[in-house]
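Student: Here's my sequence, what's the structure:
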Amino acid sequence: MPSESRTAAEVPTIRQRIKGSQQVGALREALTSAADQPSLRERLSLGAADGVPAATSLQLRKVPHDIVAYVSSEMRTFRKHRFSEVDSLVFSKLSYLNWLAVPAVPRRTRKGPAPTLRDLFCAECFEGLFDTQLDRDKDVAFLTAVVASPRFRDVRVLNHVNSIDEAADKQFSATTFLLPDKTVYVAFRGTDNTIVGWKEDFDLAFRTPVAAQTSAVAYLERAAAATDGHIRVGGHSKGGNLAVYAAAMAAPAVRERIVRVYSHDGPGFNETALAQIRSSDMAGRVSKSVPESSVVGMLLENQETYHVIRSDAAGIMQHDPYSWIVLDGAFVPMPGVDDSSVLIDRTLSGWISGMDDAHMERFVNALFDVFGASGTKRFQDMSFADYMASAQAVVDMDPDERAMFLRTIEALARVGAQSLADAMGTAAADATDAVIAEES
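Tutor: This is a model prediction of the structure:
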């Protein structure tokens, strides 16, 4: 088995923002100039063994520290500097782009050389390329940094697939990257902004495997057959779940080539899937990272030991990979998840455990029938009229179905209130113990 040391309303359109190669070149030059700046550690005056104290939070917001800054300042190639967890997030984030919008569609295998990331960079494709993204300005800056980077620009892209199947509750997308050092990275996309994609996330609580997990295993085996060398597998959000599942369920010959699996704030698994994964030989090769206020990454059961990293966002917004702080080529470690993450985890776990699989499936189907009542396919496209149609769908439910639906939501509220009360009671007890300790 190979081993590896533990070491992504009304606004101007993309075409309006970037009208030609001169503007793109200027953006590239601006990003690349970050390499001439002092490192984050130097600017914060931290020693090599120091952590990042809370007092530096304001400073961290004033200096480049995300994956865009990392890509634009890391000048060493993969042959000269080892692969890192931050590199994995870069490839995971690249998998969110709609590569099918580029004329040189990266579907080639052994029949010819696959295009490089630099080959696939074209401003006229931006509208389609970033179609699935919400923060297009940031994504344009990110991709521009990637194609200018000596570390990433010669990485080849192939076998990009994107499959939406509403009948099967499936949203699946994956991309294979061939690195100049002859290793392979298989990236699985997380949940996009489609309603069917979010429904499949809920399905993870009661169904094994979901359609995307089955597709992920087949895709990984095809990617392995089309390439040589060691393989890394990873993804962000649901993509991390798919990466772990595919690596654990793949054929033995494929598993032997896998050196590391990365789950970037990916949800865990239900008990059935967890038992299957634990029986495989992959657990020791999984690296899972979650931000301090993780919600998605703490869902369901975690089969792997996770580590906590620092984000400069708040609450659920910490799920955004652009908020994760990178210091000297690595994420900034934190001692553990915060109280809000623990509270949400307890609430959702308690709520889910109070339902059997049949009840959960019935509720999820009803919930997404409500969301889909207007026929809109993506949450970001829902209008006020669409939400009114969803509200009317609840009113129009069969009485028994509506009663089940409302009771389940009420149960979530009750469990949440109890979790909050328990947390407040624990905090009060801790405070009392601290006072007693001081007085004694």
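Student: Quick one: low-confidence residue ranges for the stretch 301-440 of the chain.
Tutor: Along the stretch 301-440 of the chain, segments meeting pLDDT under 70 span 301-304, 380, 416, 419, 422-440.
Student: repeat that for 90
Tutor: For the stretch 301-440 of the chain, the stretches with pLDDT under 90 are 301-306, 314-317, 336-440.
Student: how about the helices in the stretch 251-400 of the chain?
Tutor: 252-255, 271-278, 339-353, 357-371, 384-395, 399-439 (DSSP state H, counting those that start in this stretch).
Student: JSON lines please, covering these and showing mean neighbour count and distance to residue 70.
Tutor: Backbone N, C-alpha and C define where each C-beta goes, glycine included. Shown next, in JSON lines, are these (neighbours: other C-beta atoms under 10 Å; distance: least, C-beta to C-beta, whole Å):
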{"stretch": "helix 252-255", "mean neighbour count": "14", "distance to residue 70": "30"}
{"stretch": "helix 271-278", "mean neighbour count": "16", "distance to residue 70": "30"}
{"stretch": "helix 339-353", "mean neighbour count": "17", "distance to residue 70": "25"}
{"stretch": "helix 357-371", "mean neighbour count": "17", "distance to residue 70": "36"}
{"stretch": "helix 384-395", "mean neighbour count": "13", "distance to residue 70": "39"}
{"stretch": "helix 399-439", "mean neighbour count": "12", "distance to residue 70": "35"}
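Student: For residue 199, which of those is the nearest?
Tutor: Of all those, helix 357-371 sits nearest to residue 199, with 4.4 Å by C-beta to C-beta.
Student: Tell me how many other residues crowd residue 309.
Tutor: Using other C-beta atoms under 10 Å, residue 309 has 23 neighbouring residues.
Student: before we move on, the earlier item: which among the helices of the stretch 251-400 of the chain is found nearest to residue 206?
Tutor: helix 357-371 (4.1 Å).
Student: Compute the inter-axis angle for that closest one and helix 339-353.
Tutor: If you take axes from the mean of the first three to the mean of the last three C-alpha atoms, to 10 degrees, helix 357-371 sits at 110 degrees to helix 339-353.
Student: right, and the helices of the stretch 251-400 of the chain - which one's nearest residue 224?
Tutor: helix 252-255 (4.4 Å).
Student: Now do residue 74 against residue 248, distance only.
Tutor: Distance, residue 74 to residue 248, using C-beta to C-beta, to the nearest Å: 31 Å.
Student: Check residue 170 too.
Tutor: With C-beta to C-beta as the criterion, residue 170 and residue 248 are 20 Å apart.
Student: Which one's more surrounded, these two?
Tutor: residue 248 (24 against 20).
Student: and the more buried one, what does it touch?
Tutor: Applying C-beta atoms under 8 Å, 6 or more residues apart in numbering to residue 248 gives the contacts 255, 276, 277, 280, 282, 283.
Student: Quick one: those residues as a markdown table, columns for distance to residue 87 and pLDDT too.
Tutor: Listed next are the contacts of residue 248 as a markdown table, based on distance: C-beta to C-beta, whole Å; pLDDT from 0 to 100:
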| residue | distance to residue 87 | pLDDT |
| --- | --- | --- |
| 255 | 22 | 96 |
| 276 | 29 | 81 |
| 277 | 24 | 83 |
| 280 | 25 | 82 |
| 282 | 20 | 87 |
| 283 | 22 | 79 |
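Student: Mind picking the two most distant members of the residues you listed?
Tutor: Within the contacts of residue 248, two members stand farthest from each other by C-beta to C-beta: 255 and 276, at 13.4 Å.
Student: Chain neighbours aside, what residue packs nearest to residue 79?
Tutor: residue 181 (5.1 Å; C-beta to C-beta, 6 or more residues apart in numbering).
Student: isn't the one you found right up against residue 78?
Tutor: Yes. Using C-beta atoms under 8 Å, residue 181 is in contact with residue 78, at 4.4 Å.
Student: Looking at those two, which one has more neighbours?
Tutor: residue 78 (18 against 14).
Student: Shouldn't the more buried one be within a strand?
Tutor: No. According to DSSP: H, G, I helix; E, B strand; the rest coil, the state of residue 78 is coil, so it is not within a strand.
Student: list the contacts for the residue minimising distance to the centre of the chain?
Tutor: Computing the C-alpha centroid of the chain and ranking residues by C-alpha atoms, centre = their mean puts residue 236 first, at 2.1 Å. Each residue near residue 236 by C-beta under 8 Å, 6+ apart is listed here: 8, 89, 92, 93, 96, 190, 264, 265, 266, 321.
Student: Assign a three-state SS to the fourth one, would you?
Tutor: State at residue 93, reduced to three classes by three-state DSSP: helix.
Student: OK, contacts around it?
Tutor: 8, 67, 142, 236, 321.
Student: out of these, what pair is the most spread apart?
Tutor: It's 142 and 236 that sit farthest apart of the contacts of residue 93, by C-beta to C-beta, at 13.0 Å.
Student: and residue 269, bridged to which residues?
Tutor: Beta-bridge pairing of residue 269 under DSSP bridges involves residue 301.
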